[in-house]
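J.: Build the 3D model from these lines:
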Amino acid sequence: MEDSAASAGAPVLLIHGNKDSMAGYGEAVDYRANHANTKLVTLNAAHFAMLVKSKEANKALRDFVIQTTGVKATLAAHHVTADRSP
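T.: Residues are numbered from 1 along each chain as shown. Next comes the predicted model:
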C-alpha cells in the first residue's frame, strides 16, 4: 500500500472487507499497525464492501471527517429533474 499520506502526517481512513480475497485484508491490518495516524474500519464483506455495506461505510467516512476536521459532514441526496418544455 502507498504510504505517502501517512508519511506526511495526514490522517488515513481504511475501509476494508474482512472477507476480501482480491485486496488482502491482512495488508490493511499491517498498514494500520505500522502507521499511527490510520484508522481501519472493518466491514463484514468481501471485495465490494463499500457497496454492499454502504450504510456502514458512509457512517465511517462521515465520522472520520468529523473527527479529523471538526466539520460536520452531511450526506445529501440530489434530485435531478429534466425540463422538457418546448
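J.: do you know how far the residue nearest to Lys53 when sequence neighbours are not counted is from Ser7?
T.: When the adjacent residues along the chain are set aside, Lys53 lies closest to Leu43, with 4.3 Å between them (C-beta to C-beta, 6 or more residues apart in numbering). To be clear about C-beta, it is placed using only N, CA and C from the backbone, and glycine gets the same treatment. Separation of Leu43 from Ser7 (C-beta to C-beta, to the nearest Å) stands at 26 Å.
J.: what about the two, which has more around it?
T.: When Leu43 is set against Ser7 and neighbours are counted by other C-beta atoms under 10 Å, the residue ahead is Leu43, at 19 against 11.
J.: Isn't the more buried one up against Asp20?
T.: No: shown here, Leu43 and Asp20 do not form a contact pair, counting by C-beta atoms under 8 Å, at 9.2 Å.
J.: Now do the shared contacts for those two.
T.: Shared contacts of Leu43 and Asp20 (C-beta atoms under 8 Å, 6 or more residues apart in numbering): Ala49.
J.: quick one: buried residues of the host helix or strand of Asp63?
T.: When elements are defined using DSSP states H and E, Asp63 is found to belong to helix 54-69. With burial defined by 16 or more other C-beta atoms under 10 Å, the residues of helix 54-69 counted as buried are 56-57, 60-61, 64.
J.: and what of stretch 10-21?
T.: By neighbour count on 16+ other C-beta under 10 Å, the buried set for stretch 10-21 is 11-17, 20.
J.: gap between the two ends of stretch 31-45?
T.: Between the opening and closing residues of stretch 31-45 we find a distance of 19 Å, counting by C-alpha to C-alpha, to the nearest Å.
J.: Nice, that's everything, thank you.
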